[in-house]
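**Q** Build me a model from this:
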Amino acid sequence: MFNRVLILSASAGAGHIRAAQALEEAFRTSGAAQEVRHVDILQYSNRVFRQVYSKGYIHMVNKAPRLLGWLYDYSDIPWKDYKRRIAFESLNTTRFARMVKKYNPDLVICTHFLPAGLISKMRARGDVWAQHAVVVTDMDMHAMWMCKNYEQYFVALEETKHHLGRIGIRTEAVHVTGIPVHPVFSQRKDKMEMRAQLRLAQDRAVIMVSAGGFGVGPIEELINNLLLLQNRAQIVVMCGRNQALKDKLESLSQSSGDDVNVSLVAVGFTEKMDEYMAAADLLVGKPGGLTTAEALSCGLPLLIVNPIPGQEERNADHFLEQGVALRCNNLPALSYKIDCLLNDKSKFELMRTNALRLGKPDAAAQIVNCLLRSVQADFLSTVA
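**A** Presented below is the predicted three-dimensional model:
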């Protein structure tokens with residue numbers, strides 16, 4: 001058992017936070033630690049750095065995705081500007097370093113590369129003696145995730161493990177567990193029972209749309225194309241905290257109902273994402289690491305639209321290769337592609353089977369168990 005576990009994320013996109021929350025819950029459920037603390041590192045940085053790091057990323061996703069993709073590829077060289085980058089980040093996160101030293105954890109887990117590099121530096125200086133684990137939250141691993149002082153890396157694919165071994169990470173320290181999702185995704189749920197609870201259609205395909213990363217205009221265009229489906233379907237749009245989007249879609253949904261071919265439901269912020277995914281037949285959206293990991297845990301095939309250049313493009317490649325996704329590059333063809341899939345029952349079922357194979361709903365528990373085995377092995381070697 002661990003005394004104090006510190007889980008570090010960064011609020012540059014929601015996925016890193018959700019992965020950290022999944023691990024936090026897994027530790028609490030298993031009783032593997034006396035105390036678990038989850039910290040967003042940007043809350044311990046200076047105001048300017050925090051604004052640039054979090055809001056700057058979101059701004060680039062929405063306004064300059066091609067530039068973001070170029071930066072992603074440009075910086076994907078192992079150890080490129082490593083010392084300079086860590087030095088700059090250390091200058092802007094002095095409160096973070098003080099917090100870690102005061103908390104004095106015996107295990108640190110990072111679900112974002114920013115704290116991973118900083119913890120590595122603190123270990124090199126002897127400022128912290130905790131074991132260090134890095135949890136990669138995409139299918140691929142960008143060079144920014146690399147650090148010099150660590151015990152464990154946790155990744156999504158065997159291919160990623162092989163890649164890490166070729167660029168200097170010890171393969172015996174790399175574990176293929178999948179991306180951690182909340183333990184609720186490991187609980188099997190009946191599709192029709194979930195539809196009844198959520199008041200969704202029982203007699204038509206339920207197509208879930210993840211609106212994260214889309215602006216109001218683009219998501220309206222996407223929905224308008226989905227409304228052209230020939231198959232009877234219900235479109236369920238997950239709007240999150242975007243109330244303006246929810247209001248716009250609710251005005252569209254007023255013209256839809258049981259008497260039309262395609263009905264529309266707009267859902268605001270919810271903690272029942274696992275239930276909505278269990279109720280759905282297909283997920284349409286961007287291939288972010290956490291959202292897709294949750295979907296695959298539910299056996300939910302993907303229809304990828306407008307992936308962000310960089311990590312989402314690479315995620316998309318893996319999903320297409322694994323047979324769990326289709327990709328639509330032209331929104332006017334979206335309804336055609338989905339109609340073709342819905343009409344091909346064998347292909348649809350194969351994609352669902354592949355999704356269940358690739359999904360790792362117990363990844364968080366696997367990571368916790370692996371870390372426990374590691375510390376137990378260290379203890380036994382010390383006693384011997």
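**Q** Report the contact partners of E275.
**A** 189, 194, 197-198 (CB atoms under 8 Å, 6 or more residues apart in numbering). C-betas here are computed from N, CA, C, even on glycine.
**Q** any idea what sits nearest G69, other than its immediate chain neighbours?
**A** Leaving aside its sequence neighbours, G69 sits nearest to P309 (CB to CB, 6 or more residues apart in numbering; 2.3 Å).
**Q** Would you mind measuring from the one you found to M146?
**A** Separation of P309 from M146 (CB to CB, to the nearest Å) stands at 21 Å.
**Q** before we move on, the earlier item: the residue nearest to G69 reaches Y72, doesn't it?
**A** Yes. Applying CB atoms under 8 Å, one finds P309 in contact with Y72, separated by 6.8 Å.
**Q** buried subset of the contacts of E275?
**A** For the contacts of E275, a neighbour count by 16 or more other CB atoms under 10 Å gives the buried set as 189, 194, 198.
**Q** tell me the secondary structure for the closest residue to the first one other than its chain neighbours?
**A** Looking back up the chat, that one is K189. Distances taken as CB to CB, 6+ apart put A278 closest to K189, at 3.9 Å, once the chain neighbours are dropped. Secondary structure for A278, judged by DSSP: H, G, I helix; E, B strand; the rest coil, is helix.
**Q** List the contacts of A278.
**A** Contacts of A278 by CB under 8 Å, 6+ apart are 189-191, 194, 298.
**Q** farthest-separated two in those residues?
**A** Pairwise distances across these peak at 11.9 Å for D190 and C298 (criterion: CB to CB).
**Q** out of the two, which sits in the more crowded spot?
**A** C298 (27 against 11; other CB atoms under 10 Å).
**Q** wait, that one sits on Y276?
**A** No. Contact criterion CB under 8 Å: C298 and Y276 do not qualify, at 9.3 Å.
**Q** ok, residues contacting stretch 6-21?
**A** Applying CB under 8 Å, 6+ apart, the set of residues contacting stretch 6-21 is 23-24, 27, 36-42, 53-54, 57-58, 61, 100, 103, 105, 107-112, 114-116, 119, 130, 135, 137, 179-182, 212, 288-291.
**Q** The same query, at a cut-off of 7 Å, please.
**A** With CB atoms under 7 Å, 6 or more residues apart in numbering as the test, stretch 6-21 has contacts from 23-24, 36-42, 53-54, 57, 100, 103, 105, 108-112, 114-115, 135, 137, 179-180, 182, 288-290.
**Q** go on, stretch 180-195?
**A** With CB under 7 Å, 6+ apart as the criterion, stretch 180-195 contacts 19, 21-23, 25-26, 29, 135, 201-202, 206, 274-275, 278-279, 290, 293-294, 297-298, 361-364, 367.
**Q** swap the cut-off to 8 Å and go again
**A** 18-19, 21-23, 25-26, 29, 111, 135, 154, 200-202, 206, 274-279, 290, 293-294, 297-298, 360-365, 367.
**Q** just stretch 218-236 next, same as before
**A** 200-201, 203-209, 211, 214, 237, 245, 248-249, 252, 256, 261-265, 267, 276, 279-280, 284, 305-306, 331-332, 334-335, 338-339, 342-343.
**Q** With stretch 110-127 instead?
**A** With contact meaning CB under 8 Å, 6+ apart, stretch 110-127 is reached by 7-10, 12, 16-17, 19-20, 23, 41-42, 53, 82, 85-86, 89-90, 93, 96-97, 100-101, 108, 128-130, 132-135, 137, 142, 144-145, 147-150, 180.
**Q** in the stretch 101-250 of the chain, which spans are helices?
**A** Ranges of helices in the stretch 101-250 of the chain, per DSSP state H, counting those that start in this stretch, are 113-125, 158-166, 191-198, 216-226, 243-253.
**Q** Show me what V39 bridges to in the sheet.
**A** In this entry, V39 is beta-bridged to L8, by DSSP bridges.
**Q** Who are the contact partners of it?
**A** V39 sits in contact with 6-9, 99, where contact means CB under 8 Å, 6+ apart.
**Q** Please read off the pLDDT at it from the model.
**A** pLDDT for V39: 97.
**Q** distance of it from R123?
**A** Using CB to CB, V39 is found at 17 Å from R123.
**Q** Can you give me the neighbour number for W129?
**A** Neighbour tally, W129, other CB under 10 Å: 10.
**Q** what mean pLDDT does stretch 20-35 have?
**A** Rounded mean pLDDT across stretch 20-35 is 94.
**Q** same question, stretch 189-207
**A** 95.
**Q** now stretch 110-129
**A** 96.
**Q** from the chain's centre, how far out does it sit?
**A** Offset of stretch 110-129 from its chain centre (CA atoms, centre = their mean, to the nearest Å): 22 Å.
**Q** With stretch 277-294 instead?
**A** Stretch 277-294 sits 10 Å away from the centroid of its parent chain (CA atoms, centre = their mean).
**Q** Could you export it as CSV, CA atoms only?
**A** C-alpha atoms of stretch 277-294 as CSV (Å, rounded to 0.1, in the frame of the first residue of the first chain):
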residue,chain,number,x,y,z
MET,A,277,-22.6,5.5,-24.6
ALA,A,278,-24.2,2.2,-23.6
ALA,A,279,-27.5,3.3,-25.1
ALA,A,280,-25.9,4.4,-28.4
ASP,A,281,-25.1,2.5,-31.6
LEU,A,282,-22.5,4.9,-33.1
LEU,A,283,-20.3,7.8,-31.9
VAL,A,284,-19.7,10.7,-34.3
GLY,A,285,-17.0,13.3,-33.4
LYS,A,286,-13.4,14.0,-33.0
PRO,A,287,-11.1,11.2,-31.9
GLY,A,288,-9.8,12.6,-28.6
GLY,A,289,-8.0,10.0,-26.5
LEU,A,290,-10.3,9.9,-23.5
THR,A,291,-13.6,10.1,-25.3
THR,A,292,-12.7,7.3,-27.7
ALA,A,293,-11.3,5.2,-24.9
GLU,A,294,-14.7,5.5,-23.1
